[in-house]
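# Predicted model, plus sequence, below.
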Amino acid sequence: MRDRLLTSAVRLGYRDVLYHGRHPAYVLYLTLDPALVDVNAHPTKLEVRFRDARAVHDFVFRAVERTLSATKPATEDAVLPTALASMGSLPLRLPSASPWRLTQGLYESQPQAAAVQDRIPSPLAGEEVWPERSGALGSSEQPLGSALAQLHGAYILAQSREGLVLVDMHAGHERVLYERLKAQYADGQVASQLLLAPIVVDLKGHEIDALLEQRVSFERAGFEFDQLGPTQLAVRRVPALLTGHDVAAIVRAVVSGAELDAESHHLDSAADRFLGTLACRTAIHANRRLSLPEMDALLRQMEETDRANQCNHGRPTWTRLTLGELDQLFLRGR
């Protein structure tokens, strides 16, 4: 059967891990009290009607979202997937107290991720260690391994027990910041900073209107502003992670994102969009040189962050070449 309500619930569950323009492939197997569903809503049984449609929608949405939140870097033999292509087959485990359950296998999601720092720590004193292939390569609890170098100012090369790990440093840091912002936003505790002098931002009239419609969400995210005129905005407070960034450019980008999302039927999506824009604009960008300790710090943060296998736009954040694959490339052992 097909059901728009269930399709919407799954799509929302995937909303910040799918690449633009792609759609999840899935099969849902739901078990519920027959009194809660009308199977005669369609002559050919292609559709059903749920008595409490909103409860079913929210249950499926939260179940999918909760399971996908556990997609984070893992070792080669772990249960969790390490590539975007394998995400569609994740089995789910749902609370036993719920009136519905998904019975397509069992899956234990990982504990809630620890709080993630919003900045990469400063370099630490210490010597570089280049472990031999047969030596210690880091613990199995560090699936992203130890940083070796930075490639073309955009990628981190790291060595793990399984082989070579390549990390898109901007995409990985973007997800770390985004998840931290979402957690702070949900708790109403986004760190902010009052500016000594307000920053005047020139906007179009309809952009001002779009921003004012989302004013409560912006203030909850750490902004404080006043409208100076039909096309001018005075920003007086910003989220702390914007320190040192072009605040005017970021505000324009965030306002544009809020305007595009104004007609969304999901209440949280507008907030997610501008939090994602904040994370994208403040994450490490290409050509920023990082020390090995800074790279290692980012790898450890990614390992602790929910959904860290993809950035906020659904792009993969890392990939792995195993020792077997490397040996095959160079015909070793033949």
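Noted; the coordinates are in hand.
# just the helices in the stretch 151-300 of the chain please.
According to DSSP state H, counting those that start in this stretch, the stretch 151-300 of the chain carries its helices in the segments 169-187, 205-213, 215-220, 247-260, 269-282, 292-303.
# what do you get for the stretch 1-150 of the chain?
So, for the stretch 1-150 of the chain - with DSSP H, counting those that start in this stretch - the helices run 4-13, 53-68.
# Output the ones you listed in CSV, with distance to residue 315 and mean neighbour count appended to each entry.
Yep, even glycine has a C-beta here, placed from its N, CA and C like the rest. Formatted as CSV, the helices of the stretch 1-150 of the chain follow (distance: least, CB to CB, whole Å; neighbours: other CB atoms under 10 Å):
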stretch, distance to residue 315, mean neighbour count
helix 4-13, 18, 17
helix 53-68, 15, 18
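# on that earlier part again, out of the helices of the stretch 151-300 of the chain, which comes closest to residue 235?
Closest to residue 235 of these is helix 247-260 (CB to CB; 6.1 Å).
# So which elements touch the closest one?
For helix 247-260, the packing partners by 3 or more CB pairs under 8 Å, 6 or more residues apart in numbering; DSSP states H and E come out as strand 192-202, helix 205-213, strand 232-239, helix 269-282.
# hang on, the earlier thing: adding distance to residue 228 and mean pLDDT, write the helices of the stretch 151-300 of the chain out as JSON lines.
Formatted as JSON lines, the helices of the stretch 151-300 of the chain follow (distance: least, CB to CB, whole Å; pLDDT from 0 to 100):
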{"stretch": "helix 169-187", "distance to residue 228": "27", "mean pLDDT": "91"}
{"stretch": "helix 205-213", "distance to residue 228": "10", "mean pLDDT": "84"}
{"stretch": "helix 215-220", "distance to residue 228": "15", "mean pLDDT": "84"}
{"stretch": "helix 247-260", "distance to residue 228": "13", "mean pLDDT": "73"}
{"stretch": "helix 269-282", "distance to residue 228": "21", "mean pLDDT": "78"}
{"stretch": "helix 292-303", "distance to residue 228": "39", "mean pLDDT": "95"}
